[in-house]
Structures are given as C-alpha cells and as structure tokens.
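Q: pasting the sequence and the predicted coordinates here, then a few questions.
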Amino acid sequence: MKIRSRCPFCALVLATLFAWIALEGACSSIWAQSTDNAEQDANRAAQQSSDSAKAINDAAAQESKPAGSMKRSLPQPVIDDEAVAREQAKLEAELQEYKKELRKIADRYAAPPKTQQLSPLPDLWIDRQSKRVYIDGYVTMRRGPLEMFACPIGSKEHESIVAVFAKSSEVHAALLAIGTQQGTTVRWDPDFLPPTGQEILVYATWRDERGAFQVRDARQWIQNTETNEPMEPTWVFAGSSFWKDPEDGTQYYTADGGDMICVSNFSTAMMDVPFSSSADAGNLLFSPITDRIPPENTPVRLVLVPQPIPTDDVNSDAFQDRMKQAQSAPIDAILPRP
C-alpha cells in the first residue's frame, strides 16, 4: 500500500502503523497454525492412550475367562475308567496279601499263659500278677540310624528295630492296667528337662531257626555311636500326650504316629530315654548292633517290665522280692507255639 501525505512525519507514522498491523496479522496466523498443530498432537496422543487402554482391558478380560472358555493347545487326556479300576483292584489285592503276610507273622506264637488280651486282635496281653506287658511284632530294621527301638506297624519302620502290631495308645493303657506310673515328656523351653516316669525294662524274645527260645535285654541290640557300647539307662514311661482337632474336636494320642519306645527324645514319646538324645538326622546317638539281631521279618514278642519305685522300705524283704521278680528275664513258657 502506498501512503501519500504532505507531511513527512505523518507519512512516517502511518507507514509504521500499517507495518504493525501487518506484523500482528502474521503473528496471529502463525499462532493459529501452531494451536491447530498442538490440538492435532493432543488428539493423536489421546487416541493412542485410548487404544493402549483398550488393549490392556481386552487382555485382562481374556485372562479372567474360565479355563474352559479358552482355546486349548493340548488335547484333553482320555481317562480309561476300566484301566483305572483294574489298577485299583490290583493295588487292593496287593494290600490284602501284605496284610495276610503280616498276620502270619503276628500269629506265629500263641498267647502267653495266664494273661489277659487287651487288643482287638491277639497282639497285646497283660499279666496282672507278674506285672508284665507282652506285645507281638517283628524285626523290621537291622542297620541304620535309630530314633526308635519299637514303633507301631505302618509308622516309623525305617528307623526302628522292631515294628509291633499294637497301637501306642493300647500299650499305654496296658501299662496303666498293671499299675505303672506315668511321668512327663521331654521339655526344651526354657531349659532342657529330660523325660520322667517309672523305669521299664524291655526284653525281646523269639525262637531261632531251630525253634530254640531266645531272650535279650533290648538294650543289648542298641549301640551308643559315641562310645560303641550298648545302651545303659532303662526307658521311662513318659506317657506322650493328646492332641485335639480344632475342626471336629476329635482327640488323638500323639504317640500313635510312631513314637512308642524311643531312643531319641520326642515330646510325643510314650516311652523315652531319661537323658538328652538328639532327634536331628545328623546327630542321632544310637544305631543297631546288627550281628546281635535276628534276621528281618523274624517274629518277636516284646516283654515290658516296670521296675519297682524306690520307697522307704527298699531294704525290706517285700521290696527285695519285688525287685527280684521285676529283674528276672522271661522264660520259654511265655512264647508257646500255636
């Protein structure tokens, strides 16, 4: 645009004004274009964010679908009901055969004379007059670290010399029936306290391959791995404990799980050793004296003999007679053939 004015100063002012107007228009155009570009970038970012959110939601929804609604890459296994039934029948037959073999061992000897049977099957008896408990079992292990001398069948045969056919709770009842006094199980908190209870001698009796009667103090089958000598102290009747199931209120005698006649300390032991004897696998104190123990599966009858508790009359003839009777070894008559 040409600016005409007779006044040079006025012409200069007008020229400057029109230049400023032109500049402002150019800036407005640039600002509008910049704003449009920013809006387009924001729209693109929002669309990308929306697409990402949709992808995440689709993935989450797919994961939340039930397993059956998802396409599987592997075929469903085909279960042969007849094959399963045959296998179950085979296992049941093997179990029944195993039970029959165990009963053959359990029935190898007839009941000891002048005794009262306490178990449902002929496996546990008491003699009230001589104050003895008889339990039938068999040799289950002759070599390896020991935690038990004897356990119930189906429990800890891999770390016991003898497995017996009676439950620990049944043997506990038998000991009480002949007047044995129960003590307390081992404690470690706050300090170690050994098990207590009336002392009980344990004898193992059996007939060898010739049918000859054999009897051994059970401690003669157990070796202290530190001294290489037979175990010396006798067992004590610690008495184990009961555990109540909080769900249904059922009570369980904890030694029924295997801890019948222990050589390692257990708070669940029915009978235990009255001194510190670790139950840690790497620090077990005892092992079997293999060459003194008859072959595995040999039927044996254990004889539990509570020892008289010392009283003020230890020097009396009556007490001495009780001690003599309690320390006399079992004889051939307690192991009759069927």
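A: Here it is on my side, so go on. Residues are numbered from 1 along each chain as shown.
Q: now for this structure, the helix or strand with the poorest mean pLDDT.
A: Within the chain, no helix or strand scores below helix 8-63, which has a mean of 51 by mean pLDDT, DSSP states H and E.
Q: what is the neighbour count of the closest residue to Arg207 other than its chain neighbours?
A: Once flanking residues are discounted, Arg207 sits nearest to Phe213: 6.0 Å by Cβ to Cβ, 6 or more residues apart in numbering. Any C-beta I mention is one placed from the backbone N, CA and C, and that applies to glycine too. Look at Phe213: counted by other Cβ atoms under 10 Å, it has 14 neighbours.
Q: same question, the one 3 residues further on
A: Counted with other Cβ under 10 Å, residues neighbouring Arg216 total 17.
Q: leaving aside the residues next to it on the chain, what's closest to it?
A: Among residues not flanking Arg216 along the chain, Ala204 sits closest, at 5.2 Å (Cβ to Cβ, 6+ apart).
Q: and Ile178, by the same measure?
A: In this structure, Ile178 finds its nearest non-sequential neighbour in Lys131, 4.6 Å apart by Cβ to Cβ, 6+ apart.
Q: mind listing what the one you found touches?
A: For Lys131, the contact set (Cβ atoms under 8 Å, 6 or more residues apart in numbering) comprises 178-179, 305-306, 326.
Q: need the phi and psi values for it.
A: Phi and psi for Lys131, reported as degrees, to the nearest 10, are phi 60, psi 60.
Q: just the pLDDT for it.
A: Predicted confidence (pLDDT) for Lys131: 95.
Q: for Ser328, see how far away it is.
A: Distance, Lys131 to Ser328, using Cβ to Cβ, to the nearest Å: 12 Å.
Q: now Thr115
A: Going from Thr115 to Ser328 by Cβ to Cβ gives 17 Å.
Q: looking at those two, which is more packed in?
A: Set Thr115 next to Ser328 and count neighbours by other Cβ under 10 Å: Thr115 wins out with 18 against 10.
Q: does anything pack onto the helix or strand containing Lys90? Which helices or strands?
A: If you go by DSSP states H and E, Lys90 is part of helix 81-106. Where contact means 3 or more Cβ pairs under 8 Å, 6 or more residues apart in numbering; DSSP states H and E, helix 81-106 is packed against strand 132-139.
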